[in-house]
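Novice: just a sequence and a predicted model for now, questions to come.
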Amino acid sequence: MKSTRCFFIIVLMALAKIGLAQVREVSISYDGVHGYDSALGQVLEWSSLKEEPRVRSSDKPPEGLRLRWLGTSGFELGDNKTTILIDPFVSRPRVSNPFAPLIIDTTAVDELILKPMGDRNVDAILVSHAHADHVMDVPLVLSRSTTTDHSPLLVGDPNTVALVESYHLSAETRLLTFDDGVVHYLIGKFGDFTVEAVRSLHPQYNFLPWRGPEGEIEGHPPFTGFDYLSYRNIAIAYVISYRGLKFVFCDGAILQNLQKIGEADLLVLGIPVRKNNTIADALAALRPSFFIPTHYDDFFVPFHEMGQFDVTIGLDEIQLLDFSQFGKFFEEFPGYIKKARSNLPAESQSFFDPRLRILKPLTYYSLESLILK
């Protein structure tokens with residue numbers, strides 16, 4: 001027992017070493033990036049558009065319903081009383097050796113996820129799957145957010161729960177196994193938010209027939225990138241309802257079991273790999289007012305090192321790969337709309353007009369104007 005405790009003390013000291021560094025400034029330019037820079041075409045960054053309903057952005061949490069993109073597939077969704085985190089990940093380690101342990105950047109987690117929230121509690125942490133860029137920071141976020149009076153609910157698959165348990169953390173968990181044909185779970189209410197989980201599929205990479213590391217997470221931290229494993233290639237989509245609005249968050253461009261979701265107002269889909277995607281099917285079935293792409297930023301670059309917003313996802317050693325093809329997505333999107341519209345009844349086609357909107361990472365967006373008063 002004593003040797004085990006010593007081992008974890010050493011691990012925690014290693015994980016905390018980065019946290020001793022000074023606060024790091026994040027200053028990102030969006031010049032030369034499609035959707036953000038008017039020199040390259042239409043600006044689709046949401047707060048830049050003078051349309052109704054008006055969506056405004058700020059560095060600090062606005063009053064009422066708010067959404068903040070943490071980069072990758074991470075989000076903070078909340079209001080004045082409740083905060084929900086989805087795939088919170090900001091460590092963004094550079095990977096020069098894929099077999100080297102990945103170390104949680106405690107400074108990034110504290111400064112970029114937790115500090116902007118102020119003294120608000122985290123009520124739920126929803127994890128889509130247990131690859132590093134989705135779950136790596138969850139143990140630290142959970143530890144920092146747990147007090148004697150409050151503990152967030154952790155929602156995820158068996159690998160997510162196993163990962164947290166490997167840190168010897170005590171957490172209230174909702175385990176989603178999707179056994180016996182189950183594809184939908186009602187998670188519960190958090191303030192005015194109601195959360196559901198729907199089974200989906202991790203997308204296959206464009207350049208090779210692989211969906212990422214898969215299996216059963218074992219061992220102890222720190223883990224390498226290959227130790228973070230998806231559970232049966234499942235990616236969990238989360239459906240969150242709030243005062244007449246419905247949000248759908250899915251980490252990839254394959255969204256399954258659409259009949260369990262129903263119509264939605266905001267559809268948030270990861271777009272880094274779009275092989276055999278279901279974007280048009282999801283648009284037709286959910287008929288969202290807004291489509292928000294995500295997971296297209298280069299999560300191998302820490303935000304404090306990203307002077308220019310980087311949307312080319314690739315390893316330093318493999319410059320030819322671009323897993324997001326972000327600029328090309330703007331060319332593809334009208335085609336997804338056209339295909340989706342053709343699948344709708346004739347009387348519905350003229351009313352179908354999903355609007356593509358993009359966000360800046362680490363920025364709060366007030367969505368109060370979207371609520372039907």
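Specialist: Everything's here; your move.
Novice: my guess is residue 130 contacts residue 225, does it?
Specialist: No: here residue 130 does not reach residue 225: they are 11.7 Å apart, not a contact under C-beta atoms under 8 Å. All C-beta spots, glycine's among them, are computed from the backbone N, C-alpha and C.
Novice: any residues in contact with both of these two?
Specialist: Taking C-beta atoms under 8 Å, 6 or more residues apart in numbering as the contact rule, residue 130 and residue 225 touch no residue in common.
Novice: looking at these two, which one has more neighbours?
Specialist: residue 130 (29 against 19; other C-beta atoms under 10 Å).
Novice: state the distance from that one to residue 287.
Specialist: 32 Å (C-beta to C-beta, to the nearest Å).
Novice: do residue 369 as well
Specialist: 20 Å.
Novice: name the nearest residue to residue 121, ignoring sequence neighbours.
Specialist: Nearest residue to residue 121, sequence neighbours excluded (C-beta to C-beta, 6 or more residues apart in numbering): residue 150, at 5.1 Å.
Novice: what's the neighbour count on the one you found?
Specialist: 10.
Novice: likewise for residue 226?
Specialist: 12.
Novice: that one against residue 99, yeah?
Specialist: Yes: counting by C-beta under 8 Å, residue 226 does reach residue 99; the two are 7.1 Å apart.
Novice: on that earlier part again, on the three-state scheme, the residue nearest to residue 121 is what?
Specialist: Assigned with DSSP: H, G, I helix; E, B strand; the rest coil, residue 150 falls in the coil class.
Novice: now it: how far from residue 291?
Specialist: Relative to residue 291, residue 150 is positioned 35 Å away (C-beta to C-beta).
Novice: list the pairing partners of the helix or strand where residue 198 lies within its sheet, with orientation.
Specialist: Using DSSP states H and E, the element containing residue 198 is strand 193-201. Within its sheet, strand 193-201 is paired with strand 184-190 (antiparallel), strand 234-242 (antiparallel), according to DSSP bridges.
Novice: mind listing what residue 185 touches?
Specialist: Counting by C-beta under 8 Å, 6+ apart, residue 185 has contacts 174, 176, 196-197.
Novice: turn those residues into CSV, columns for neighbour count, pLDDT and distance to residue 84.
Specialist: Below are these laid out as CSV (neighbours: other C-beta atoms under 10 Å; pLDDT from 0 to 100; distance: C-beta to C-beta, whole Å):
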residue, neighbour count, pLDDT, distance to residue 84
174, 16, 98, 13
176, 24, 98, 16
196, 18, 98, 12
197, 24, 98, 12
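Novice: nearest to residue 212 among those?
Specialist: For these, the residue nearest residue 212 by C-beta to C-beta is residue 176; the value is 18.5 Å.
Novice: and the pLDDT at residue 157?
Specialist: The model reports residue 157 with a pLDDT of 98.
Novice: what's near enough to touch the nearest residue to residue 237 once chain neighbours are set aside?
Specialist: Closest residue to residue 237 apart from its sequence neighbours, by C-beta to C-beta, 6+ apart: residue 250 at 4.0 Å. Residue 250 makes contact with 128, 200, 235, 237-238, 268-270, according to C-beta under 8 Å, 6+ apart.
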